[in-house]
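In: Got a sequence here, can you model it:
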Amino acid sequence: MLRRVVNIMLRAIYKKIKKTRNIIFNIIDTPDIVLLYHRVNNLNSDIHQLAVTPEKFYLQMKFLKDNYTIVNFEDVGKIRNKRCVAITFDDGYMDNYLNALPILEELKIPATIFISTDMIANRQIFWWDKLESIIMGSEIYGECIEIEVEDLVFRKKICDRNDLIVIHNKIHPVLKKLEKNRREVYLSNLQKLFKTSEIEVDALGMTKEQLISLSKSKYITIGAHTITHTALSSQNYKTQMQEISGSKSYLEEVLSKEIKVFSYPFGGNNDYNKDTIRILTDLGFTNVASNFRGQVHRWTDCKQIPRYVVRDWDLQKFREAMNGFWVR
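Out: Model prediction:
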């Protein structure tokens, strides 16, 4: 009990010191903020909280337009004495083209969209969406099932939706570390196990034609995001090189332009390693987006640029979140 109280006190002290440090840093060097979006859509199921509705996205963008200087992702950390914001999207969902692009063009807001190229080239559903559809779309209530995915082995009786969420959250981190072909085998087996006949189709990536059209917008920069969206740190050097260089080459061939920016799949500190950074440097990438929270200062590592994930927030919540991002 005493240890728990001490830990709570130490965490509170650390947060206060960190906040004070950041305030000092912000006086010395006005930070930039990079925002991370995934989808702009109305979804019936969104277990990963990836989607912002078009209505809320418009209000969020209008607020940014009215209150901050919005810059390209390539320019973060370069403009001094202004509160600058960069807009980024990960993955390359079709709704980026259908729903986000018209709003960005109407408001004249630049954004960078990082593309997982296998979803474009082979018209595949993102594997985490397939997993969600397989499990959350199942209706095998009352059954007790046995699940085996790699070293994860367990039995679970499914009584309600919460049990399905528990199962999903156990399987997701295991599949995340696998290469594509092995992961697809497990997904196929899970679909049979959960007796899910249909996979949600609104989770598709863009078509090649939509990608080309998107890239022609003067407000859009295209970046690479690997081929199959696998956590790079779980792969050897050769596979990492294939994933990164393959996505860059595909985009450059299709779009006839150089691809200079990249985003790590998943993007946490444990989702890439020194080999990843070395490969990105050797391939000539200039700015690389991570997925951990933080401000961008002139001393920030350009191969590990932090971002803040945006959820389906109303305008009041978004305003509060933005205010908080500047003092963290």
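In: and the helix or strand hosting Glu253, C-alpha only, in CSV?
Out: Assigned by DSSP states H and E, Glu253 belongs to helix 237-255. Extracted in CSV, the C-alpha atoms of helix 237-255 (Å, rounded to 0.1, in the frame of the first residue of the first chain):
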residue,chain,number,x,y,z
TYR,A,237,16.9,-6.3,-42.0
LYS,A,238,16.2,-7.8,-45.4
THR,A,239,12.4,-7.8,-44.9
GLN,A,240,12.4,-4.3,-43.5
MET,A,241,14.3,-3.1,-46.6
GLN,A,242,11.8,-4.9,-48.9
GLU,A,243,8.9,-3.4,-47.0
ILE,A,244,10.2,0.2,-47.0
SER,A,245,12.0,0.3,-50.4
GLY,A,246,9.1,-1.6,-52.1
SER,A,247,6.5,0.9,-50.9
LYS,A,248,8.7,3.8,-52.0
SER,A,249,9.4,2.3,-55.4
TYR,A,250,5.7,1.5,-56.1
LEU,A,251,4.6,5.0,-55.2
GLU,A,252,7.3,6.6,-57.3
GLU,A,253,6.5,4.5,-60.3
VAL,A,254,2.7,5.1,-60.1
LEU,A,255,2.9,8.8,-59.3
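In: ok, then the element right after that helix?
Out: Immediately after helix 237-255, counting by DSSP H and E, sits strand 261-263.
In: Strands of the stretch 201-328 of the chain, residue ranges please.
Out: 220-224, 261-263, 287-289, 308-309 (DSSP state E, counting those that start in this stretch).
In: Reformat those strands as a markdown table; add distance to Asp90 and mean neighbour count.
Out: Heads up, the C-betas are built off the backbone N, CA and C, glycines and all. Below are these laid out as a markdown table (distance: least, Cβ to Cβ, whole Å; neighbours: other Cβ atoms under 10 Å):
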| stretch | distance to Asp90 | mean neighbour count |
| --- | --- | --- |
| strand 220-224 | 9 | 24 |
| strand 261-263 | 6 | 25 |
| strand 287-289 | 8 | 25 |
| strand 308-309 | 10 | 18 |
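In: These into a markdown table, with extra columns for mean pLDDT and distance to Asn273?
Out: Formatted as a markdown table, the strands of the stretch 201-328 of the chain follow (pLDDT from 0 to 100; distance: least, Cβ to Cβ, whole Å):
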| stretch | mean pLDDT | distance to Asn273 |
| --- | --- | --- |
| strand 220-224 | 98 | 18 |
| strand 261-263 | 98 | 15 |
| strand 287-289 | 98 | 13 |
| strand 308-309 | 97 | 22 |
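In: so which of those gets nearest Glu252?
Out: Glu252 lies closest, by Cβ to Cβ, to one member of the strands of the stretch 201-328 of the chain: strand 220-224, at 9.1 Å.
In: Just give me how far the closest one sits from the chain centre.
Out: With Cα atoms, centre = their mean, to the nearest Å as the basis, strand 220-224 stands 14 Å off its chain's centre.
In: From the contact counts, what lies against that strand?
Out: strand 111-115, helix 208-215, helix 237-255, strand 261-263 (3 or more Cβ pairs under 8 Å, 6 or more residues apart in numbering; DSSP states H and E).
In: tally of neighbours for Phe63?
Out: 14 (other Cβ atoms under 10 Å).
In: now do Met136
Out: Neighbours of Met136 (other Cβ under 10 Å): 19.
In: Look up the pLDDT of it for me, please.
Out: If you check Met136, the pLDDT there is 90.
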